[in-house]
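Visitor: Fold the following.
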Amino acid sequence: MQGDFVPQVPLAAVAKRFNQQYRSEAFDLPAEVEGMPIFRDWASGKLAERLSSPFWQLSKPQKNQHCLDLGCGVSFLIYPWIDWQALFYGQEISSVARDQLTARGPQLNSKLFKGVRLAPAHQLEYESVQFDLAIATGFSCYYSLDYWESVLAAVRSVLKPGGFFVFDVLDPEQPDAENWAILETYLGTEVFLEPLAAWRQLIQQSQAQIVKQKPGELFHLYKIRW
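Guide: Sure, this is the predicted structure:
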């Protein structure tokens, strides 16, 4: 992807917002935002449980598969990678999440944990056709469709033939989508409310096929293959 055009993207703002969250630092929000039910759920941790996308229900990592988790956060510490016995490669733009995962991942299982790189999703400095599965959940809504066109192209280049890419997108038709977008804006990250039809068109334009999909409370999961 080096040399290709990549649209202007808010990488620094997204990294700052999640660094603050991973450090458990307080956000300075107006009283009217803190009064929103969705904020109270976010502050209590209940929202994270509701919004987590179960990517393994569409494509469970298999034993000895090489899996790339984009925007991984601390995925290796909270999901059952040890039970899956899959090889975990992480990539993240939050330096705090990267540092936490780098410190604890090898202690959990040094054979399965293959490290985590600090880089955005469109910059995949890996061997071509290296991965059986790529995952990207929880962050597509912070970027434009034009940017995601470059992400899809990058992911395609590192997947093995027949490999899958599982990612989620915000469904703006869900009842809480707009309130969640307002909350995220005050937390420091603008949210793009793109219709699912636009995402399906983007997938089709990338020459990928939707193999399976799963609606959620706010996020819609896609499993695609090129």
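Visitor: Please count neighbours and contacts with C-alpha atoms only from this point.
Guide: Noted.
Visitor: Which phi and psi values does Lys114 adopt?
Guide: phi -100, psi 10 (degrees, to the nearest 10).
Visitor: whoops, Gln62 was the one
Guide: phi -100, psi 160.
Visitor: Tell me who's in contact with it.
Guide: Neighbour list for Gln62: 84-86 [criterion: CA atoms under 8 Å, 6 or more residues apart in numbering].
Visitor: Could you export the residues you listed as TSV, including secondary structure and pLDDT?
Guide: Below are these laid out as TSV (DSSP: H, G, I helix; E, B strand; the rest coil; pLDDT from 0 to 100):
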residue	secondary structure	pLDDT
Trp84	helix	98
Gln85	coil	98
Ala86	coil	98
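Visitor: Which element, helix or strand, includes Leu133?
Guide: Using DSSP states H and E, Leu133 sits within strand 131-136.
Visitor: Moving along the chain from that strand, name the first helix or strand you hit.
Guide: That would be, after strand 131-136 and using DSSP H and E, helix 145-158.
Visitor: Now do the following helix or strand past that next one against helix 145-158, angle only.
Guide: Following helix 145-158 in sequence order, the next helix or strand is strand 159-170 (DSSP H and E). If you take axes from the mean of the first three to the mean of the last three CA atoms, to 10 degrees, strand 159-170 sits at 150 degrees to helix 145-158.
Visitor: oh, and call the first residue 467 from now on, that's how I've got it
Guide: Okay, using 467 as the starting number, the last item reads as strand 625-636.
Visitor: what mean pLDDT would you report for the strand holding Leu599?
Guide: Average pLDDT, strand 597-602: 98.
Visitor: Could you export that strand as CSV, CA atoms only?
Guide: What follows is strand 597-602, C-alpha atoms only, in CSV (Å, rounded to 0.1, in the frame of the first residue of the first chain):
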residue,chain,number,x,y,z
PHE,A,597,-2.8,-14.8,7.3
ASP,A,598,-5.7,-17.3,7.4
LEU,A,599,-8.0,-14.8,9.1
ALA,A,600,-8.1,-11.1,9.7
ILE,A,601,-10.3,-9.3,12.3
ALA,A,602,-11.3,-5.7,12.7
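Visitor: which neighbours does that strand have in its sheet, and in what orientation?
Guide: Next to strand 597-602 in the sheet, as set by DSSP bridges, lie strand 532-536 (parallel), strand 625-636 (parallel).
Visitor: how about Asp507, what does it touch?
Guide: Going by CA under 8 Å, 6+ apart, Asp507 touches Leu513.
Visitor: you'd agree it is in a helix?
Guide: Yes. Applying DSSP: H, G, I helix; E, B strand; the rest coil, one finds Asp507 inside a helix.
Visitor: Quickly note the distance from it to Asp642.
Guide: For Asp507, the distance to Asp642 equals 12 Å [CA to CA, to the nearest Å].
Visitor: swap in Arg489?
Guide: Between Arg489 and Asp642 the computed distance is 26 Å (CA to CA).
Visitor: which one of those two has more residues nearby?
Guide: Legend: neighbour count by other CA atoms under 10 Å for Arg489 and Asp642, higher for Asp642 (13 against 10).
Visitor: what residues does stretch 573-588 touch?
Guide: Contacts of stretch 573-588 with the rest of the structure, by CA under 8 Å, 6+ apart, involve 467, 477, 536-537, 542-543, 547-548, 551-561, 564, 567-568, 571-572, 616-618, 620-621.
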